[in-house]
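# Kindly return the folded structure for what I paste below:
(one chain, ligands or ions: 2)
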Amino acid sequence: MENICRIAEDKTYKKYSATDENIYPFRLMPKVDGRRRVVLLGATGSVGSSTLEVIRKHGDKLQLVGIAGGSRESELNAVADEFGVSESVLFSRDGEPGLEYLATLPEADIVLVATTGTAALRAVLAALEAGKDVALANKETLVAGGHLVKAAEQKSAGRVFPVDSEHNAIFQCLEGNRTHGSIKRLLLTASGGAFRDKTLEELKNVTVDDALLHPNWSMGPKITVDCATMANKGLEMIEACRLFDVEPSQIDVVVHPQSIVHSMVEFCDNSIIAQMSKPSMTFAIQHILMYPERKEGIHESLDFSKMMNLEFRPPDEKLFPCLRLARQSLEAGGIYPLSFNAANEVAVDAFMHRGLPFLSIPAIIEEVLENVHYSLPDTVDELIDTESRIQADALKRLTF
Ligand code: NDP
Ligand code: MG
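Ligands and ions are numbered 1, 2, ... in the order given. The predicted model follows:
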């Protein structure tokens, strides 16, 4: 135990590093009165409500001290009442400074980011600058502004912890196992989304309602459409490179329709470690909010007394070109991941609300990527400006 504490206290071991001693390579902020104090951005959404489930169950360990929502005021007020939260911010009324205010609350230990898009980029940077830990469910922030987040993390006493289920699985698989050069590849599992068994011909006429029928997960609408195009897995490849400092060539996607294996790591000896559980975000959220402790979970165990099939197959990039486009963006680096994300947001919004055909989503992204001519901004203001320009460009390309 003494050894573990020494490592945890030593700043040089805070990141995954080329050492075989990193038993707890990350360290969360210490708890006060035995409870970790949580700010939740996106409290009225899908990940938000799973986070509330975890805090409700483990009220002796976790305390909600600040919440933000987008527009659903009455839902946000109900959360504030139930958890006795005095600091709440509604984005539609308070705007972005409200998120930064919450992310830097002196009483907060950890900020769980469950907003959509890049709305919380400034708040993530502010939280790290204030030395807070960040539990990141929101992947768009890392895809678009990963370099800014990593730079802020380098200087911070706080860390970024992965809550996206695949990345949380990889984080768990790596714990105690990562030594210099030991990772061969990360295997990101994908359910395949609503259209995993469709043909290209059938995809021509799918509707928004069809796309929102995810076979395994109940999530917000944007990410559910991203699963149907597999852009979500594309974003996650980029997210994984940012979080775990691996090369794009070290990431593979595996379609796993049951969503029981949440991702895997293959080591240089060809041995693979996987993390498994029922498909619910509460596992990843609880793992991080309690880290490094383990407590009773919300969902029951997997039942091995019954027949259970686990299938794995390669993804079809012809059917789901978003995967190819994301990989190309990741390999090209620079402005491309941000552009992929910005174009995808515009195209998905147009599919959901303006009748853009499903197969035009990758077509719009590809056109934007072929024509983008910006360099990667190195300040947050420039980044947000560049993102808006790319989104405006994508909007102009919507012809239907
Ligand atoms: P939802 O659409 O269900 O929820 C989004 C939340 O963010 C809502 O509370 C919404 O508020 C709030 N919000 C939106 N814009 C703002 C803003 N500008 N300021 C403050 N709050 C805002 O999304 P999900 O929970 O599905 O996803 C959240 C993030 O987590 C996404 O980045 C997604 O990719 C990622 N993720 C989600 C998973 C899931 O299971 N859902 C799994 C893994 C990752 P309101 O509703 O009040 O307008
Ligand atoms: Mg995921």
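
# gap between Leu356 and ligand 2?
24 Å (CB to the ion, to the nearest Å). Heads up, the C-betas are built off the backbone N, CA and C, glycines and all.

# For that residue, which non-adjacent residue is closest in space?
Using CB to CB, 6 or more residues apart in numbering and skipping the chain neighbours, the partner closest in space to Leu356 is Ala350 (3.8 Å).

# Name the SS class of that neighbour, please.
Using DSSP: H, G, I helix; E, B strand; the rest coil, the structure places Ala350 in helix.

# what's near enough to touch it?
Going by CB atoms under 8 Å, 6 or more residues apart in numbering, Ala350 touches 356, 360, 364, 398, 400.

# Give me the ChimeraX select line for those, limited to the buried ones.
Buried subset of the contacts of Ala350, written as a ChimeraX selection, criterion 16 or more other CB atoms under 10 Å:
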select :356,360,364,398
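
# of the contacts of Ala350, closest to Thr179?
Nearest to Thr179 out of the contacts of Ala350 is Ile364 (CB to CB; 42.9 Å).

# ok, for that closest one, nearest residue in space, not its chain neighbours?
Counting by CB to CB, 6+ apart, the residue nearest Ile364 is Ala347, at 4.2 Å.

# mean confidence for the strand or helix carrying that neighbour?
Using DSSP states H and E, Ala347 sits within helix 336-353. Across helix 336-353, the average pLDDT comes to 98.

# ok, Lys204 - contacts?
357-359.

# quick one, strands of the stretch 151-300 of the chain?
160-162, 183-190, 251-255, 261-267, 272-276 (DSSP state E, counting those that start in this stretch).

# can you list those strands in a markdown table and add distance to ligand 1?
Converted to a markdown table, the strands of the stretch 151-300 of the chain look like this (distance: least, CB to the nearest ligand atom, whole Å):
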| stretch | distance to ligand 1 |
| --- | --- |
| strand 160-162 | 10 |
| strand 183-190 | 12 |
| strand 251-255 | 16 |
| strand 261-267 | 11 |
| strand 272-276 | 15 |
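
# I'd like those written out as TSV, with mean neighbour count added.
Formatted as TSV, the strands of the stretch 151-300 of the chain follow (neighbours: other CB atoms under 10 Å):
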stretch	mean neighbour count
strand 160-162	24
strand 183-190	22
strand 251-255	19
strand 261-267	22
strand 272-276	17
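
# what would those strands look like in CSV with mean pLDDT and distance to Pro97?
Shown next, in CSV, are the strands of the stretch 151-300 of the chain (pLDDT from 0 to 100; distance: least, CB to CB, whole Å):
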stretch, mean pLDDT, distance to Pro97
strand 160-162, 97, 22
strand 183-190, 98, 35
strand 251-255, 98, 36
strand 261-267, 98, 35
strand 272-276, 98, 38
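
# Quick one: closest of those strands to Arg122.
strand 160-162 (15.0 Å).

# That closest one close to ligand 2?
No. Counting by CB under 5 Å from the ion, ligand 2 has no neighbours in strand 160-162; the shortest distance is 9.5 Å.

# Please name the strands paired to that strand in the sheet, noting orientation.
Sheet pairing of strand 160-162 (DSSP bridges) gives strand 133-136 (parallel).

# next one: the partner strand to chain centre, how far?
10 Å (CA atoms, centre = their mean, to the nearest Å).

# now what about that strand, what contacts it?
Contacts of strand 133-136 (CB under 8 Å, 6+ apart): 28-29, 109-113, 124, 127-128, 142, 158-164, 285, 288-289.
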